[in-house]
Structures are given as structure tokens and as C-alpha cells.
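Novice: with the input below, show me the fold.
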Amino acid sequence: MATDILMPALSPTMEQGKLAKWLKKEGDPVKPGDILAEIETDKATMEVEAVDEGVLAKILIADGTDNVAVNTPIAVLAGEGEDVSAAAAKPDGGKADGAKPNGAARPEGQPAPAPDMKTEGQAEKAAPAAKTSEDKPVAPAAPAVITNRSADRAMAEIPEGTEMVTQTVREALRDAMAEEMRRDEAVFVMGEEVAEYQGAYKITQGLLQEFGARRVVDTPITEHGFAGVGVGAAFTGLRPIVEFMTFNFAMQAIDQIINSAAKTLYMSGGQLGCPIVFRGPNGAAARVAAQHSHDYAAWYSNVPGLKVVMPYTASDAKGLLKSAIRDPNPVIFLENEILYGQSFPVPKGDDFTVPIGKAKVHREGRDVTLVSFGIGMTYALKAAHELAEAGIDAEVIDLRTIRPMDSETIVESVRKTGRCVTVEEGFPQSGVGAEIAARLMVDAFDYLDAPVLRITGKDVPMPYAANLEKLALPTVAEVIEAAKAVCYR
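Specialist: The predicted structure follows:
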């Protein structure tokens, strides 16, 4: 009997995704466990595994197709001894003769299990449906597309004539690590699922095949342990890149990061450095609840001895990660799951770096300064465009580095605009925006025409429910309202 292979869900909340690439072609034999295809969402890349044995009779959804709904038939698998051409010719795959989806009957409307749902005991439970459109997870504003050098200040630091390629943030991070590993034998990657599985979010895709298991190291699920191994390796002169599946899990390793990595150079009188990068996703994604949504930018920026980086664009992700790997000090490199799948222009070549500690003016303006970093830039840039329609010319600054913070660029902008609004997804108390406001009180007080306003996440652990999560995050409307308030509009 022919089997429909369905578009699987990567999580209980996934509704659609991109069929990125087929790894099997029509006519290929298939065994259970074979990798058939790769699918992507804005957060992750995952592999579709075969459940049944047979022959891939027909591919229904082509490579590169976007917005494929969960449970959509993507291919037909002919059973053992079945006529492949007959199975392929049936309308809607094998459904005409009662084909079963992925080898098992499933109640109407129930999603195919995500790769990890079986182990969590959720494979036979339907994902909760949104009751109204307001309940659905809301993605942040789409990133600004940077294409015109003369019109966009964000391109100013890239030399004229540089050839650009379009890459996702995920691809840019992978290329940064690969280039530095080719450049320096002391660089290696370690973390949970970075090797055989090629990264929980496919950031380390292809590194094991190129560099081998000695330099791409799968670790046990023990952040305190492998972070300590990484710190020890850095003390001996190696340059580890330690990946955390999420920075929420780095809480297990906080002693190694702060008491060992950050403080040892000072405590050894400058004799023992720690050139190490701790990297991974940070902050909110979409309906992953409080223990997977914390933004640690302000936490780590409080610690002398650490450098803290949080890029927004793919070019900054690549250039800053390369600089972080080369830096003689420990660097906290904070990424964002939702940004992984976003595409930006990136300079072609393996010698592009971005200096740590230097902010970037993304958009010039004269009326108000919006300061943000990481995914907060999506709110700031979208707000700036809408403010322009209302006659308010906003300047947008991407911090890029939280520690050391580029106060000079912020102060220079505020001296021009006289007003400032900060934007971040972290909590309000002791946040990055609070630090910016304190510095402006000292360095630009006489230039301010209004109080510095902060837009932050709400002062509550991140809810799981989609409607409550939406309320807990900043919004573009809040940024616009704050900008109008400081402009007295």
C-alpha cells in the first residue's frame, strides 16, 4: 500500500514551514530512519526521517517551497513489491486507494509528531489550536532589507566595491566558525548535538564532515561540565567555541563562565587568559515559555572580564563572531532563534570582521534616537519607518556589543536629536536601557529635551499561552508611542 509522507511539525505550535531540500530523489529505495529531506522554519532546520520501507515513488512538493502547511502530503512512498509508477500516478499521492499517512492512520486535523514529541510522550496528542486570530503566535516585525548603499547607513562600514551575497543569520554564523577553524588549528567547537546532529538549530551544519570529531565535539547534557572543559582548554591556549542549546541552560554553567572564565585573567595578574566564546540562542522565541525565553544580555553585561555581543544582521553576526573567536578574552555571543532564518546581505570572502565594542547607525534621523540590539532592532526599524510617515525622523542605533558599550555613538546621536528611546526584550529593572539612560544623564544631560524612555519586555516570567506571550513582549506600537511622547507629538 502506498504511503503519503506528510509535512511534519517541528513543535506542537508549528503551522507551516519551508521544504528546504530533498536528500532522496524519485525512484530511490528508502529504509526506516533514512533522511528524506530538510525542512526549515524561522527558528530551526530539521530532517524528515522515513518511517516505512519502500521506494520514493513521487515528490509532491519541490525543493525550496515556502509556507508548506503541517500535514500536507510532500511525497508518496510505494510499499514493498508495489508498482512504483502506479503509486506515483495516483491523484493526490496514494490517497485514492486509501493510502495511510506516514504509515499510520491519524485522526483528522492531528499533526504529524515532531522529531522529539515521541520521547516527550506527546506523539498522539493534538497540538492546541488557536481559538482566535489574536491567540496565534506573533512574529516580530520583518527585518529591514539592506540593498542600497547610498540610501542605508548600515552599509557604510563595508568598503565600496565589496561583493555581497545574501545569507541567513544561520549560514553566516556557520561560515564564521568554518573560516576561523581553517585559519587557526586551535579553534574547535563543542556542545550538545553540534557534531552528528549538526546543531540543534543547524548552525554547525557541515563542520563535522570538514573538521572531524577532534574539533567538532558532541558533549553530554551537562552544561556545567562541558563549559568547564572549555574553560580549561582555553587556559592551555586553545580557542573553544562552546555552544549552549539555549542560554537558559547556561545557568547550569554560570560558575564556570563568571568565576573561572571572566575573573582568572585579573586574579592571575594577567598571566592566564581565557580566549573562549560561549554562543547560542538567547531570549524569547515563540511559545517556549519562561524557562526557554529569558534574555540574559543585561546579566552578563554586569560582569567585568566578559565581553557581551548580540548582533542583528547576518553580516554583523559573521563579522562579530570572527572577532569574538580571535579575541583573547571570554566573549558571550548572544543569538536569537527567530533571527536564524532571516536573510541579509553579507560581504563575500573570509577576511571580513566587525570590531567588538562599536555600535552602528542603521538609519540617520534628526528628531529622536532609537537604540536597540539583537531582535529588538526589528521593533526599532519598523517603528522608524512608521514614524517617518507621521513626520518624525528617527535615528536608529544598533548597539551590537552590550559590553563594552559604545556610549560615544549614542551620545553623539542624542546631542543631535535631543531625545532617546531604548528598545529591548529583556526585563525593565536593571536592563540595558537603564544603563543607557544612566550614561546619558551624565554625558548628554544638557542636550536632552525630554526624559529617556525605555521599551522593554514586561516584568513577568514569559507566559506559554500565545495571547499572554504577545502581551509580555514589546510592540512596534509601544516604540512609536514613546517616540511621539518624547517629541511632544
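Novice: now the helices for the stretch 51-200 of the chain?
Specialist: 84-89, 169-183 (DSSP state H, counting those that start in this stretch).
Novice: hey, least reliable of those by pLDDT?
Specialist: Among those, helix 84-89 has the lowest mean pLDDT, at a mean of 69.
Novice: can you pull up the bridge partners for residue 18?
Specialist: residue 40 (DSSP bridges).
Novice: burial check on it, number of neighbours?
Specialist: Residues contacting residue 18 under the criterion other C-beta atoms under 10 Å number 18. No exception for glycine: its C-beta is placed from N, CA and C like everyone else's.
Novice: any idea how far residue 286 is from it?
Specialist: Residue 18 sits 16 Å away from residue 286, going by C-beta to C-beta, to the nearest Å.
Novice: and residue 361, what helix or strand is that in?
Specialist: strand 360-363 (DSSP states H and E).
Novice: go on, residue 428?
Specialist: Residue-wise, residue 428 maps onto no helix or strand under DSSP H and E.
Novice: would you agree residue 436 is in contact with residue 421?
Specialist: No - here residue 436 does not reach residue 421: they are 10.0 Å apart, not a contact under C-beta atoms under 8 Å.
Novice: quick check: mean pLDDT of the strand holding residue 361?
Specialist: 95.
Novice: can you list the strands that it pairs with?
Specialist: Looking at strand 360-363 with DSSP bridges, its partner strands are strand 394-398 (antiparallel).
Novice: now the element after the partner strand, going C-ward?
Specialist: Helices and strands here follow DSSP H and E; after strand 394-398, the next one along the chain is strand 401-403.
Novice: name the residues that touch that following strand?
Specialist: With contacts defined as C-beta atoms under 8 Å, 6 or more residues apart in numbering, strand 401-403 is touched by 297-298, 300-301, 303, 306-310, 320, 356-359, 373, 432.
Novice: now with 6 Å, please.
Specialist: For strand 401-403, contacts defined as C-beta atoms under 6 Å, 6 or more residues apart in numbering pick out 297, 301, 307-310, 356-357, 432.
Novice: point out where this structure drops to low pLDDT.
Specialist: 1, 10-13, 42-44, 81, 84, 87-156 (pLDDT under 70).
Novice: helix or strand for the closest residue to residue 73 other than its chain neighbours, which one?
Specialist: Leaving out its chain neighbours, the residue that sits closest to residue 73 by C-beta to C-beta, 6 or more residues apart in numbering is residue 4, at 4.3 Å. Element membership for residue 4, per DSSP H and E: strand 3-6.
Novice: quick one, strands of the stretch 151-300 of the chain?
Specialist: Taking DSSP state E, counting those that start in this stretch, the strands of the stretch 151-300 of the chain run over residues 164-168, 187-191, 216-218, 239-243, 277-281.
Novice: between those, which one is closest to residue 385.
Specialist: If you check each of those against residue 385 by C-beta to C-beta, strand 164-168 wins as the nearest, at 21.0 Å.
Novice: please save the CA atoms from the closest one in PDB.
Specialist: C-alpha atoms of strand 164-168 as PDB (Å, rounded to 0.1, in the frame of the first residue of the first chain):
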ATOM      1  CA  MET A 164      27.800  40.900  -1.400                       C
ATOM      2  CA  VAL A 165      25.900  37.600  -1.100                       C
ATOM      3  CA  THR A 166      22.500  37.000   0.600                       C
ATOM      4  CA  GLN A 167      22.700  34.700   3.600                       C
ATOM      5  CA  THR A 168      20.600  33.800   6.600                       C
END
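Novice: pull out the buried positions in that strand.
Specialist: 164, 167-168 (16 or more other C-beta atoms under 10 Å).
Novice: Serialize those to a markdown table and add fields for distance to residue 378.
Specialist: Formatted as a markdown table, the buried residues of strand 164-168 follow (distance: C-beta to C-beta, whole Å):
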| residue | distance to residue 378 |
| --- | --- |
| 164 | 21 |
| 167 | 18 |
| 168 | 15 |
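Novice: centre of the chain versus stretch 36-48, how much separation?
Specialist: The chain centroid and the centroid of stretch 36-48 are separated by 14 Å under C-alpha atoms, centre = their mean, to the nearest Å.
Novice: now do the same contact list for residue 447.
Specialist: 414-415, 418 are the contacts of residue 447 under C-beta under 6 Å, 6+ apart.
Novice: out of those, who's the most crowded?
Specialist: Highest neighbour count within the contacts of residue 447: residue 414, with 26 neighbours (other C-beta under 10 Å).
Novice: over to that residue: give its phi and psi.
Specialist: Dihedral angles of residue 414 (phi, psi; degrees, to the nearest 10) stand at phi -70, psi -30.
Novice: tell me which residues touch it, please.
Specialist: Residue 414 is in contact with 369, 420, 440, 444, 447, counting by C-beta under 6 Å, 6+ apart.
Novice: any idea how far it is from residue 377?
Specialist: 18 Å.
Novice: swap in residue 283?
Specialist: 13 Å.
Novice: list residues touching both of those two?
Specialist: With C-beta under 6 Å, 6+ apart, residue 283 and residue 377 have no common neighbours.
Novice: more neighbours, residue 436 and residue 421?
Specialist: A count of neighbours by other C-beta under 10 Å puts residue 421 above the other of residue 436 and residue 421, at 29 against 25.
Novice: now do the contacts for the more buried one.
Specialist: Listed by C-beta under 6 Å, 6+ apart, the contact partners of residue 421 are 370, 453, 482-483.
Novice: apply 8 Å and report the result again.
Specialist: 368-371, 452-455, 479, 482-483, 486.
Novice: and those, which is closest to residue 251?
Specialist: For those, the nearest to residue 251 is residue 454 (24.9 Å; C-beta to C-beta).
Novice: would you say the closest one is within a strand?
Specialist: Yes - counting by DSSP: H, G, I helix; E, B strand; the rest coil, one finds residue 454 located in a strand.
Novice: follow-up on the earlier one: among the buried residues of strand 164-168, which one lies nearest to residue 364?
Specialist: Nearest to residue 364 among the buried residues of strand 164-168, with distances taken as C-beta to C-beta, is residue 164, at 21.0 Å.
Novice: leaving aside the residues adjacent along the chain, what's closest to that closest one?
Specialist: The shortest distance from residue 164 to any non-neighbouring residue, by C-beta to C-beta, 6+ apart, is to residue 345 (4.2 Å).
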